[in-house]
Every structure is written in structure tokens, then in C-alpha cells.
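A.B. asks: structure for the following, please:
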Amino acid sequence: MPKIVELKKINKVYGIKTPNPTQVLFDLDLSFEESTFNSIIGQSGSGKSTLLNILGTLDKATSGDVFINGKNTQAMKKNELSNLRNEAIGFIFQFHYLLPEFTALENVLMPYRISKKPMTEEVMNRALELLDIVGLTKVKDNLAINMSGGQQQRVAIARALINNPKIILADEPTGNLDSDTTEQVYELLREINLRYKTTFIIITHDRHIAEKADRIIEIKDGRINLDIQK
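C.D. replies: Numbering: from 1, shown residues only. Predicted structure coming up:
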């Protein structure tokens with residue numbers, strides 16, 4: 001399958017102009033194929049969250065190249081990166097970051113509204129379909145603040161998919177959920193991966209969850225320590 005994300009010789013150094021710079025990633029080469037379900041594991045401080053931020057263009061590598069859909073993001077301007085993120089990448093974080101004063105449906109539609117494109121019946125129907133997939137049709141008009149933690153995270157998953165991104169980046173997406181809800185959410189992510197052929201790259205500290213993926217990448221001290229494809 002074609003590569004949808006490719007990192008070449010990625011280095012990340014914080015405080016590069018200070019007397020004591022800290023290097024977090026070292027000459028990292030990594031690529032992900034379309035429609036795959038990948039997990040990244042590693043201890044705290046290993047560099048995995050920094051890697052995800054660079055993958056999502058939320059942070060820039062100190063050196064090296066990041067290609068998304070064949071485009072080198074290192075050379076892009078801020079507005080170009082913003083447009084790329086909104087159109088090609090969906091984010092799911094440990095904390096859902098829903099807007100509490102908006103309903104589930106309104107939160108799902110938010111990334112589309114940010115694009116400032118006119119609201120269409122097709123987009124509204126997609127939002128309703130996504131809420132149905134995550135099992136929230138009955139509470140679509142509930143305010144986010146009145147939903148359970150599991151329901152809020154499901155809204156966040158639907159929101160990440162509204163612009164039909166080819167890539168979903170998830171950073172500890174079930175870190176605040178109990179074990180039963182965690183299993184349900186990961187089954188849901190897998191279902192979405194199979195249905196929409198969306199590429200998933202998931203950071204998790206839970207090896208049991210990581211083993212559900214097609215590929216497990218372990219980051220240790222800013223380098224790839226393990227890369228297993230099933």
C-alpha cells in the first residue's frame with residue numbers, strides 16, 4: 001500500500017540556542033501505509049508524544065523531513081499547515097476538549113465550521129451518521145457538559161472524523177476511561193479504520209491495547225527500539 005506519512009532523519013532538539021539543549025528524537029526514519037492501524041508505545045519521556053506532535057504538524061522537527069500525502073510539511077507556512085491539519089488529519093486526545101456549552105452534534109461539526117465552508121445537507125448527514133456509529137444518536141442534542149466521560153470521548157472521535165481525514169492521530173485516547181469503556185472505544189476505532197480505510201496512529205502506554213494494532217512501534221530514548229508488524 002502507498003505511504004501516507006513518511007519521516008526522514010527526524011531530529012528534535014529543545015533549547016537549541018541555550019547552553020544546555022535537550023535532544024528528544026534522534027535521526028528517526030519512519031513511515032506509515034494507508035489504511036493501517038498502528039500503535040506507538042514508550043515510557044514517559046521517551047519522545048513518543050513529541051513524535052506525534054511532529055506527525056500532526058503541531059510541532060516542527062529541528063531537522064529532517066515530514067511528508068504527508070507526499071507533501072513536505074517542513075517547508076510549509078503556518079496557514080498551509082493549518083489547512084492541511086484541518087483537511088487531512090483528525091486528532092483524538094486523552095482529554096476530549098469539547099466545548100461544554102455546545103451540544104454533541106455542534107461539537108462534531110466544529111472542525112467543519114472552522115474551515116468556513118458553507119454548511120450543506122451532506123455534511124449534516126455525515127455528522128449524524130458519525131454520531132450513530134459511535135452510538136450517540138439519542139443524545140445528539142445534549143450539551144457536552146451533561147454527558148459521561150465515555151460519551152464525551154465518543155463525541156471527540158466523531159468530531160475527528162467529520163472532515164473525512166485520511167489520518168487519525170490519537171494520544172492516549174482512553175487514558176481517562178475505565179477498562180470496559182477503553183475496550184469499547186478501541187473496538188470503535190478499529191471499526192472506523194475498517195469502514196473508512198482511515199490510517200490510525202495511536203500513542204498508548206497500555207501494551208495490552210497496543211497489541212490490538214497491526215503494528216507496534218516502541219520508542220526508547222528518542223529512537224525506534226522495536227517495530228513489529230503482524
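
A.B. asks: other SSEs contacting the helix or strand of the chain with the lowest mean pLDDT?
C.D. replies: Every helix and strand in the chain was compared by mean pLDDT, DSSP states H and E; the lowest is helix 207-210, with a mean of 80. Using 3 or more Cβ pairs under 8 Å, 6 or more residues apart in numbering; DSSP states H and E as the contact test, the elements touching helix 207-210 are strand 37-41. Glycine gets a C-beta too; all of them are placed from N, C-alpha and C.

A.B. asks: residues in contact with the strand it packs on?
C.D. replies: The contact list for strand 37-41, computed with Cβ atoms under 8 Å, 6 or more residues apart in numbering, reads 32, 48, 51-52, 189-190, 193, 199-205, 207, 209-219.

A.B. asks: in strands, which of the residues you listed appear?
C.D. replies: Among those, the ones falling in strands (DSSP state E) are 32, 199-203, 215-219.

A.B. asks: which pair in those residues spans the largest distance?
C.D. replies: Spatial extent of these (Cβ to Cβ) is set by the pair 199 and 218 at 19.3 Å.

A.B. asks: these two - which one has more neighbours?
C.D. replies: Comparing residue 199 with residue 218 by other Cβ atoms under 10 Å, the one with more neighbours is residue 199, at 23 against 19.

A.B. asks: show me the contacts for the more buried one.
C.D. replies: By Cβ under 8 Å, 6+ apart, the contact list for residue 199 reads 4-5, 32-38, 166-168, 193.

A.B. asks: which of these sits closest to residue 113?
C.D. replies: residue 168 (19.6 Å).

A.B. asks: surely the closest one is in a strand?
C.D. replies: Yes - counting by DSSP: H, G, I helix; E, B strand; the rest coil, residue 168 is found in a strand.
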